[in-house]
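K.L.:
I'd like to go over a predicted model; first the sequence, then the structure.
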Amino acid sequence: MKNVVPAIMAISLSFAFTSSLPAQSRNTQRTQVVMANSGRLDLNATLIDLDRISQATQIDIASLNVDKWKSGWKTGFTKDGSHTQQAQQIAGSLRRNLANALPDLIRDVQNSRGNISTTFKLYDDVSLVCEALDSLINASEASGHKGDAASLNNDYSALTRVRRSLSNYIQQSSAAWETRGKAPSASFS
């Protein structure tokens with residue numbers, strides 16, 4: 001079924017932040033990072049890939065036809081349609097995010113030329129999209145048509161690959177920023 005893989009990301013700006021974000025992996029392949037000849041992450045290629053994946057995901061969500069799913073669980077214990085209604089809400093939220101918020105955040109990162117805090121905002125939004133997409137996949141597997149989850153699984157895998165690329169970029173950029181001596185050392189008690 002699902003493998004739970006913890007993704008740990010540390011960012012140090014004026015002090016060290018450490019957060020642990022659990023990520024569910026639906027793909028056994030290792031994530032690959034788009035690298036430029038210099039070995040640094042090519043953020044522009046990642047942003048172009050994210051825009052392409054976002055558009056494909058919007059098409060896949062629009063083709064779900066959640067309103068035609070059967071109500072309740074497969075076992076038929078409930079027939080109130082709450083699962084279908086929840087899936088419709090998740091799909092609507094994803095469509096709005098992918099059509100409005102995500103393109104604006106991509107544009108902000110491009111305009112800021114990869115500013116760490118701006119890129120982290122994009123990373124955070126992509127993480128939220130991955131979580132919502134995972135919920136929609138689960139709902140699709142439970143109540144939807146068999147083929148609905150397959151295309152969403154591909155979108156989920158592609159988005160987690162992009163999320164990992166953004167994480168690597170943030171780590172590389174913050175490490176480079178710290179080595180230039182611009183990051184004050186913080187003391188923790």
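P.N.:
Nice, I can see it.
K.L.:
so what's residue 46 up against?
P.N.:
Applying CB atoms under 8 Å, 6 or more residues apart in numbering to residue 46 gives the contacts 34, 162, 165, 166, 169. For every residue, glycine as well, the C-beta is placed using N, CA and C.
K.L.:
what about the helices in the protein?
P.N.:
Remark: helices assigned in the chain by DSSP state H are 43-62, 82-96, 102-111, 116-143, 148-179.
K.L.:
Lowest mean pLDDT across these, which one is that?
P.N.:
Among the helices of the chain, helix 82-96 has the lowest mean pLDDT, at a mean of 88.
K.L.:
Need the contact partners of that helix.
P.N.:
By CB under 8 Å, 6+ apart, helix 82-96 touches 57-58, 61-62, 64, 66-67, 69-73, 129, 132-133, 135-136, 139-140, 142-144.
K.L.:
Could I get the CA-only coordinates of it as PDB?
P.N.:
The C-alpha trace of helix 82-96 is given here as PDB (Å, rounded to 0.1, in the frame of the first residue of the first chain):
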ATOM      1  CA  SER A  82     -20.600  12.400   2.700                       C
ATOM      2  CA  HIS A  83     -17.600  10.800   1.100                       C
ATOM      3  CA  THR A  84     -18.600  12.000  -2.300                       C
ATOM      4  CA  GLN A  85     -19.300  15.500  -0.900                       C
ATOM      5  CA  GLN A  86     -16.000  15.600   0.800                       C
ATOM      6  CA  ALA A  87     -14.200  14.500  -2.500                       C
ATOM      7  CA  GLN A  88     -16.100  17.300  -4.300                       C
ATOM      8  CA  GLN A  89     -14.800  19.800  -1.800                       C
ATOM      9  CA  ILE A  90     -11.200  18.600  -2.000                       C
ATOM     10  CA  ALA A  91     -11.400  18.600  -5.800                       C
ATOM     11  CA  GLY A  92     -12.800  22.200  -5.800                       C
ATOM     12  CA  SER A  93     -10.100  23.300  -3.400                       C
ATOM     13  CA  LEU A  94      -7.400  21.700  -5.600                       C
ATOM     14  CA  ARG A  95      -8.800  23.200  -8.800                       C
ATOM     15  CA  ARG A  96      -8.800  26.700  -7.200                       C
END
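K.L.:
got the buried residues for it?
P.N.:
For helix 82-96, a neighbour-count test (16 or more other CB atoms under 10 Å) marks 83, 84, 87, 88, 90, 91, 94 as buried.
K.L.:
Equivalent analysis for stretch 102-115, please.
P.N.:
Quick answer for stretch 102-115 (16+ other CB under 10 Å): 102, 105, 106, 109, 114.
K.L.:
In contact with the first one, which residues?
P.N.:
With contact set as CB under 8 Å, 6+ apart, residue 102 has these partners: 50, 54, 122, 125, 126, 129.
K.L.:
dump the residue contacts of the third one.
P.N.:
When you say that, I think you mean residue 122. Here residue 122 is in contact with 102, 105, 106, 108, 109, 166 (CB under 8 Å, 6+ apart).
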